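Could you work out the structure for the sequence below:
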Amino acid sequence: MSPDASSPTPVADLEADMLAMGHRARAAARALALAGPETRTRAIAGMAGALRARSARVLEANAADLEAARSGGMAAAMMDRLALDPARLEGVASALAAIAAIPDPVGAQTARWTPANGLDIARVRTPIGVLAIVYESRPNVTADAAALSVRAGNAVILRGGSECLRSNLAIHAALVQGLEAAGLSPDTVQMVASRDRAAVGFMLAGLEGNIDLLIPRGGRSLVERVRREARVPVLGHLEGVNHVYVHASADPAMARAVVLNAKMRRVSVCGAAETLLVDRAAAPGLLPLIAADLTGAGCELRGDGATRVLIPAATPASEADWSTEYLEPILAVRVVDGIDAALDHIARHGSGHTEAIVASDPAAVERFLDQVDAGIVLANASTQFADGGEFGFGGEIGISTDRLHARGPVGAEQLTSFKYVIRGQGQIRS
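Numbers count the residues shown, from 1 in each chain. Now for the predicted structure:
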């Protein structure tokens, strides 16, 4: 499939191309599962080296994507997600090197026991098979997803957003170079080069049973479409409506630093805080200081009535603000009557992504960590640590907000399944 074809591929031809990708991925997955961990390590390290060697081509492709996005009126937050520069690209390559260095999960024994029947039973990690990953805007996902899939022994079919197609294809070319240098099939990591949305539909249908798990990473509309239409298992990444709750016992300096970082370090990431909850007992003395930090950094505040008494410049918050993932320098602020009210607000409006408390009271901290239902809960730390790299995973495909199979950062270990290996001495069942 040509990456920049001026006319769309006929649907019948696109379907045939996609089905062929599925069959090639299945064959590559079988070969990859048989390859040893050293081969997978060489492949991922080779990907990192090739990405560095081809960095000029990747940045040139990204510049073309950015110019097209700018001309099309893309929002600033989305532009930030799309943009690469030498430092960011080096970060992508470094993440690949980190993934190459983490232990290979395939074949790892997670449990072993002998029941009364005398059988030796072990639970062992295995590859899932063929993954399909549909994502938007972030070209770094192309590299992270490929490397993590290979580390876990899976073949993968990638379909990024049309807005970053040039960047994705340039990165993919480097990944293939690394695979081939390690003796692995280039079909281990395939990139859908068509801009036609019908390609996603074919992936959702499963490519004749060749997709074992589909992972969407993007906005609500993408995730909802995948969950609605997919005929294969889905590992979901919903939006990050993340909260920081400042408890009455919070150290003021810590609270100010954590809130500012959680919101403003990088507003376009899914781990950015979108709502600040401040205990009424601490609000009069602390909220104006936190607000000054935020507005000084260029953040717009949208507050409830109690907030606007203390921060008159804050815009009145609407009901929709409490459930909005802004991905912009905008923060909703509410004054709450203690930890019960904070927990109730998070339960009602949170997306199950990442939630944080700032508190010195150990009982409040433990109650928050125990009772908040989210993939990641933090005490006295910024929500921006919601990142697989920060967890020591090397990278991540996303933050799962599902409750089944994997939750929180999805790294290589989360991209494996398991099987039971049983060794006997001739036992038969009566």
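
For Ala53, grab the count of nearby residues.
Burial of Ala53, expressed as a neighbour count using other Cβ atoms under 10 Å, amounts to 12. Bear in mind the C-beta positions are built from the backbone N, C-alpha and C, glycine included.

Can you tell me how far it is from Leu165?
Counting by Cβ to Cβ, to the nearest Å, the gap from Ala53 to Leu165 is 22 Å.

From Ala111, how far off is Leu119?
Shown here: Leu119 relative to Ala111, a distance of 14 Å by Cβ to Cβ.

which one of those two has more residues nearby?
Set side by side, Leu119 and Ala111 give different neighbour counts by other Cβ under 10 Å, the larger being at Leu119 (14 against 10).

in the stretch 201-350 of the chain, which spans are helices?
If DSSP state H, counting those that start in this stretch is used as the criterion, the helices of the stretch 201-350 of the chain fall at 220-229, 252-264, 283-296, 305-310, 338-349.

Buried deepest among these, which one?
helix 252-264 (a mean of 20; mean count of other Cβ atoms under 10 Å).

tell me the domain boundaries of the protein?
The chain breaks down into these domains under automatic domain parsing: 11-237+410-421, 242-385.

got a markdown table for those domains, with mean pLDDT and distance to Thr401 too?
Conversion of these to a markdown table gives the following (pLDDT from 0 to 100; distance: least, Cβ to Cβ, whole Å):
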| stretch | mean pLDDT | distance to Thr401 |
| --- | --- | --- |
| domain 11-237+410-421 | 94 | 6 |
| domain 242-385 | 97 | 4 |
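
Of these, give the one that comes closest to Glu396.
Ranking those by proximity to Glu396 (Cβ to Cβ) places domain 11-237+410-421 first, at 5.6 Å.

Next, the distance between the ends of the closest one.
From its first residue to its last, domain 11-237+410-421 covers 44 Å (Cα to Cα, to the nearest Å).

Near Glu15, how many other residues are there?
Counted with other Cβ under 10 Å, the neighbours of Glu15 add up to 17.

Check Leu214 too.
Leu214 sits with 24 neighbouring residues when counted by other Cβ under 10 Å.

Report the contact partners of it.
Residues in contact with Leu214, defined by Cβ atoms under 8 Å, 6 or more residues apart in numbering, are 131-134, 203-204, 226, 230, 232-235.

Quick check: bridge partners of it?
The bridge-partner assignment for Leu214, based on DSSP bridges, gives Ala132, Val234.

Quick check: the gap between it and Asp144.
Here the criterion is Cβ to Cβ. By it, Leu214 lies 17 Å from Asp144.

related to what we said a few turns ago, let me have the domains of the chain in TSV, extended by distance to Ser430.
Rendered in TSV, the data for these read as follows (distance: least, Cβ to Cβ, whole Å):
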stretch	distance to Ser430
domain 11-237+410-421	10
domain 242-385	45
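
what's the closest of these to Gly395?
Relative to Gly395, the nearest member of those by Cβ to Cβ is domain 11-237+410-421, separated by 4.0 Å.

Just tell me which of the domains of the chain ends up closest to Ile428.
Between these, domain 11-237+410-421 lies closest to Ile428; by Cβ to Cβ that is 10.0 Å.

Contacts only, for the nearest residue to Asp304 once chain neighbours are set aside.
Spatial nearest neighbour of Asp304, excluding adjacent residues (Cβ to Cβ, 6 or more residues apart in numbering): Arg334 at 4.7 Å. With contacts taken as Cβ under 8 Å, 6+ apart, Arg334 has the following neighbours: 275-278, 303-304, 306-307, 317, 322, 345.

ditto for Ala50
174-175, 177-178, 181.
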